[in-house]
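Trainee: Based on what follows, work out the 3D shape:
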Amino acid sequence: MSRHLRERILRLAGPTSLVRRLSAQSVLSAFGDGVFLTGSAVFFTQVVELSAAQVGLGLSIAGAVTFLLAVPLGKLSDRLGAKRVWAVASLLEALLYLAWLVVGGFGTFVATLIVLELVSTASRSARNAYRFDIFPREERVSSNAYFRAARNVGYTLGALLAGVALATNDLDVIRAVPVITAGLLVLNAVLVARLPSAVHHVEHGEAPLETALEEAGDRRSALRNRGYVAMAVLGGVLGTHQVLLNVVIPLWLVEETDAPRVLLAWLFGTNTVMAVLLQVAAARGITTVADSLRAQRRGAFFFMLSCGIVLVTHDTIGWVTIVLVWVGHVTVTGAELFQSAGEWGLQAELSDPARRGEYQGVSQLGYTLGTVWAPAAYTYLAMEWGARGWLVIAAIVLVAAVLIHPASRAAERHLTRMGVPSPDPA
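Mentor: Here you go, the predicted structure:
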């Protein structure tokens with residue numbers, strides 16, 4: 001490898017050795033997840049011999065249980081340490097993938113899926129809390145942008161490897177998919193365990209972690225911060241750009257336009273390239289609450305613009321349709337880039353430093369809610385209502401973008417009342 005290429009790769013991976021280490025971990029983790037996610041439908045239906053309806057029902061049950069336990073799982077990071085919980089949960093997650101090899105029937109499928117989702121939720125909350133702890137304020141959003149770009153690289157590699165396995169149409173090869181995933185995630189757990197320990201960054205002079213938790217009691221519970229809870233729910237609405245990317249636009253292309261289906265590959269390829277190359281740029285300069293809300297507005301603008309562009313493709317033909325669908329996918333990718341950056345900024349600035357894991361649990365509630373209602377609602381609106389449905393989707397996003405501003409400021413005021421003054425006063 002030439003020196004110039006090596007320097008370019010290092011620059012893309014991050015500006016410091018710690019960011020690069022966490023970027024490498026993100027690639028490896030997403031590589032493992034991508035292998036299994038890509039092949040999971042075939043594995044569950046052909047190896048475990050479940051129906052598609054059973055798979056969907058199992059996912060819904062696991063999602064409901066995870067929703068109920070997201071906040072308690074987040075609290076583990078505050079009690080035991082974010083890095084420790086992340087490392088242990090990462091190892092358990094890896095081992096649980098091996099359990100898929102012995103699953104037989106719907107009952108064991110649901111039980112395994114629930115445990116895996118709970119462990120994965122604890123891992124994500126701990127991971128995010130660790131990232132906020134390990135970096136100073138001015139680096140939190142920018143570093144997360146590198147990690148998001150790295151995860152897109154990992155998912156792509158995982159999807160390619162799984163695609164090779166699926167192309168063989170050999171059940172023995174497909175059975176190896178969870179084994180490969182487990183092996184990659186064991187390596188990921190080792191990388192996590194070897195990361196430097198993080199201490200809570202105490203910007204505002206509050207008491208040490210243990211003392212703060214003992215003295216404040218439930219008064220400082222993340223669920224008591226109603227502004228933050230509302231902000232998380234509204235952020236979950238703004239984060240439903242993924243539903244447009246992965247579900248609604250592909251269905252619309254296939255059923256409501258004359259665009260060739262091969263265009264789907266180009267759409268997802270464009271999304272991946274943009275996420276890898278532009279996420280850091282989209283997050284640049286975002287530190288304060290005001291910066292983060294500005295990014296959320298930009299994300300909402302691109303989300304609504306995408307709705308407006310895609311809705312007209314029902315009546316276009318040929319290359320006009322192809323170009324407009326592609327532009328619609330590009331604009332919703334813009335929504336992803338800016339909304340993600342804004343979300344990281346709000347979470348970093350508006351979480352109680354002594355309870356970052358718990359606050360991450362609340363953030364997961366908002367994300368989970370979005371994944372529950374949006375696929376069915378958006379698909380129905382777009383496919384059944386046509387242009388009017390796309391306008392309703394855009395209106396939902398607009399309302400969420402407007403309301404997230406007072407919700408964020410309410411969360412900020414709550415922290416001030418709890419003795420954790422905001423670094424970005426209103």
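Trainee: Mind listing what's buried along stretch 392-401?
Mentor: V392, I393, A394, I396, V397, A400, A401 (16 or more other C-beta atoms under 10 Å). The way it works is simple: take the backbone N, C-alpha and C, and place the C-beta from them, glycine included.
Trainee: who touches it?
Mentor: 234, 237-238, 240, 244, 296-297, 299-300, 303-304, 307-308, 378, 381-382, 385 (C-beta atoms under 8 Å, 6 or more residues apart in numbering).
Trainee: Any quick PyMOL command for the buried ones out of these?
Mentor: With 16+ other C-beta under 10 Å as the criterion, this PyMOL line picks the buried residues out of the contacts of stretch 392-401:
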select buried, resi 234+237+238+240+244+296+297+299+300+303+304+307+378+381+382
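Trainee: Just the helices from the stretch 301-426 of the chain, written as ranges.
Mentor: Taking DSSP state H, counting those that start in this stretch to define them, one finds helices in the stretch 301-426 of the chain at 318-350, 356-385, 387-417.
Trainee: Next, the angle helix 318-350 makes with the shortest one.
Mentor: Regarding helix 356-385 and helix 318-350, their directions subtend 160 degrees when assessed with axes from the mean of the first three to the mean of the last three C-alpha atoms, to 10 degrees.
Trainee: for helix 356-385, packing partners?
Mentor: In this structure, helix 356-385 packs against helix 52-80, helix 82-99, helix 106-134, helix 226-238, helix 241-243, helix 249-256, helix 318-350, helix 387-417, with contacts taken as 3 or more C-beta pairs under 8 Å, 6 or more residues apart in numbering; DSSP states H and E.
Trainee: Now that helix: buried residues?
Mentor: For helix 356-385, a neighbour-count test (16+ other C-beta under 10 Å) marks 356-371, 374-375, 377-379, 381-382 as buried.
Trainee: now the first one
Mentor: Residues of helix 318-350 classed as buried: 321-322, 324-326, 328-350 (neighbour count, 16+ other C-beta under 10 Å).
Trainee: Stretch 232-250 too?
Mentor: Going by neighbour count (16+ other C-beta under 10 Å), the buried part of stretch 232-250 is 232-245, 247-250.
Trainee: What's the end-to-end length of it?
Mentor: 27 Å (C-alpha to C-alpha, to the nearest Å).
Trainee: what separates that stretch from the chain centre, distance-wise?
Mentor: Offset of stretch 232-250 from its chain centre (C-alpha atoms, centre = their mean, to the nearest Å): 11 Å.
Trainee: swap in stretch 161-169?
Mentor: Counting by C-alpha atoms, centre = their mean, stretch 161-169 is centred 26 Å from the centre of its parent chain.
Trainee: quick one: average confidence on stretch 369-383?
Mentor: Per-region confidence: stretch 369-383 scores 88 on mean pLDDT.
Trainee: what do you get for stretch 172-179?
Mentor: Mean predicted lDDT for stretch 172-179 stands at 89.
Trainee: Buried ones in it, by neighbour count?
Mentor: For stretch 172-179, a neighbour-count test (16+ other C-beta under 10 Å) marks I174, A176, V177, P178 as buried.
Trainee: how about that stretch as PDB, C-alpha atoms only?
Mentor: Output in PDB follows, covering the C-alpha atoms of stretch 172-179 (Å, rounded to 0.1, in the frame of the first residue of the first chain):
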ATOM      1  CA  ASP A 172     -25.000 -25.700   4.700                       C
ATOM      2  CA  VAL A 173     -23.300 -22.500   3.600                       C
ATOM      3  CA  ILE A 174     -26.300 -20.400   4.800                       C
ATOM      4  CA  ARG A 175     -26.100 -22.200   8.200                       C
ATOM      5  CA  ALA A 176     -22.500 -20.800   8.400                       C
ATOM      6  CA  VAL A 177     -23.900 -17.200   8.300                       C
ATOM      7  CA  PRO A 178     -24.500 -16.900  12.100                       C
ATOM      8  CA  VAL A 179     -21.200 -18.600  12.800                       C
END
